[in-house]
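Undergrad: Provide a 3D model corresponding to the input given below.
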Amino acid sequence: MARLYEYAASNTKSGYFLRGGSSDGNYTMRATDLGRRLFDSLDYDPGIVNRERGPRIPSQLQWAMYDVGLLKTGDSEPSGTGIDGGLDAEDAEITEEMIAQLEEFVLGEDSDREEILKLAEILDIDPKDDSLTPIWELSKFEGQGIVSIFESKLDEIICTEDAPNWEIDVRHTPEIPGPEGTTTFHVDIKHPEDGDEIYTHQMYYVADENSDTPGLATMTKVPVDVDRRLRIDRQRGRVLEAMSHVPQLAGIYAGDPTVELNCIILEEVLD
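TA: You can find the predicted model right below:
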């Protein structure tokens, strides 16, 4: 497998590249701007040559990116296995979570780009499909992709410079998955110093005549005084802000954002 690197600031070149080797010798593949965004979307942190070793890139992913034009070489063509069919989640290098992230990337990019169309073909998805899957129809596996996006956004807006150490955990419960089902996202937010001060915000969707109106219930282990009520309201606002990014990034329908939510607070109920 090749390793992912980024050119040092002192180099005349910039961007990401792969450095690998084969029976024909060593080779370098330069990532296009779109290829760089794909690596970023997969949370790869490139190394710097002679300073920090870069992460290994799964061979299937490398050759898929090369085949669709997200990785480029010079005059010589590197030898490789190429891609025969689609990406295989049974391969130890490729996880189902990675495939979900790749699908999210494709659905979030320009569907007219040739590279995106080719990558969509490998993934067997339609990047131009305007029909969005409702959030309450997500399976347990599909929900994990939403959890990843949701938790990342929450970390950005809750763990600020003024309050960096809040512990955040997001879980997804597809209670009754399907067109007549329900789904719930549990957001646990724990105080960095007081382990008893923990808030669980449950954002739930029900597939019925009120499905465009998600509910938000907050449970606590401590009595709700004025200060804690203000904290709960701020956290709820940030939970909603984080969830507002999910539909576009994941290509799903999560209800009408203009409709007022049904919100309740249940105190001293957490174990």
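
Undergrad: Every contact and neighbour count from this point should use C-alpha atoms.
TA: OK.

Undergrad: any low-confidence regions in this structure?
TA: Applying pLDDT under 70 to the chain flags the ranges 23-24, 75-92, 128-131, 160-164, 175-181, 208-213, 257-258, 268-271.

Undergrad: For it, just list every one of the strands.
TA: Per DSSP state E, the chain has strands spanning 3-6, 16-22, 25-31, 71-72, 133-134, 167-176, 182-190, 198-206, 215-220, 252-253, 262-266. These are given in chain order.

Undergrad: Make JSON lines from the ones you listed and add distance to Arg238 and mean neighbour count to it.
TA: As requested, these are exported to JSON lines (distance: least, Cα to Cα, whole Å; neighbours: other Cα atoms under 10 Å):
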{"stretch": "strand 3-6", "distance to Arg238": "34", "mean neighbour count": "22"}
{"stretch": "strand 16-22", "distance to Arg238": "33", "mean neighbour count": "19"}
{"stretch": "strand 25-31", "distance to Arg238": "35", "mean neighbour count": "18"}
{"stretch": "strand 71-72", "distance to Arg238": "37", "mean neighbour count": "21"}
{"stretch": "strand 133-134", "distance to Arg238": "22", "mean neighbour count": "17"}
{"stretch": "strand 167-176", "distance to Arg238": "12", "mean neighbour count": "18"}
{"stretch": "strand 182-190", "distance to Arg238": "11", "mean neighbour count": "21"}
{"stretch": "strand 198-206", "distance to Arg238": "11", "mean neighbour count": "23"}
{"stretch": "strand 215-220", "distance to Arg238": "12", "mean neighbour count": "20"}
{"stretch": "strand 252-253", "distance to Arg238": "19", "mean neighbour count": "18"}
{"stretch": "strand 262-266", "distance to Arg238": "14", "mean neighbour count": "13"}
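
Undergrad: Gln202 and Thr183 touch, don't they?
TA: No. Counting by Cα atoms under 8 Å, Gln202 sits too far from Thr183 to count as a contact (10.1 Å).

Undergrad: one step back: quick one, which of the strands of the chain gets closest to Ile116.
TA: strand 71-72 (13.0 Å; Cα to Cα).

Undergrad: Need the nearest residue in space to Pro134, chain neighbours excluded.
TA: Setting aside the residues directly before and after it, Pro134 is nearest to Tyr253 in space (Cα to Cα, 6 or more residues apart in numbering), at 4.6 Å.

Undergrad: so who does the one you found touch?
TA: Listed by Cα atoms under 8 Å, 6 or more residues apart in numbering, the contact set of Tyr253 reads Leu132, Thr133, Pro134, Ile135, Pro247.

Undergrad: How far away from the center of its chain is stretch 33-40?
TA: Offset of stretch 33-40 from its chain centre (Cα atoms, centre = their mean, to the nearest Å): 14 Å.

Undergrad: before we move on, what about stretch 59-66?
TA: Relative to its chain's centre, stretch 59-66 lies at 20 Å (Cα atoms, centre = their mean).

Undergrad: again, but for stretch 120-135
TA: That offset, for stretch 120-135, works out to 16 Å (Cα atoms, centre = their mean).

Undergrad: May I have that stretch exported as CSV, CA atoms only?
TA: Coordinates of each C-alpha in stretch 120-135 appear next as CSV, following Å, rounded to 0.1, in the frame of the first residue of the first chain:
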residue,chain,number,x,y,z
ALA,A,120,-20.4,6.9,-8.3
GLU,A,121,-20.4,4.0,-10.8
ILE,A,122,-17.8,2.2,-8.8
LEU,A,123,-19.9,2.7,-5.7
ASP,A,124,-23.1,1.8,-7.5
ILE,A,125,-25.0,5.0,-6.6
ASP,A,126,-26.8,7.7,-8.6
PRO,A,127,-25.3,11.1,-7.8
LYS,A,128,-28.1,12.8,-9.7
ASP,A,129,-30.9,11.1,-7.8
ASP,A,130,-32.9,14.0,-6.4
SER,A,131,-35.1,11.7,-4.2
LEU,A,132,-33.8,11.9,-0.6
THR,A,133,-34.2,9.1,1.9
PRO,A,134,-36.1,10.2,4.9
ILE,A,135,-34.1,10.1,8.1
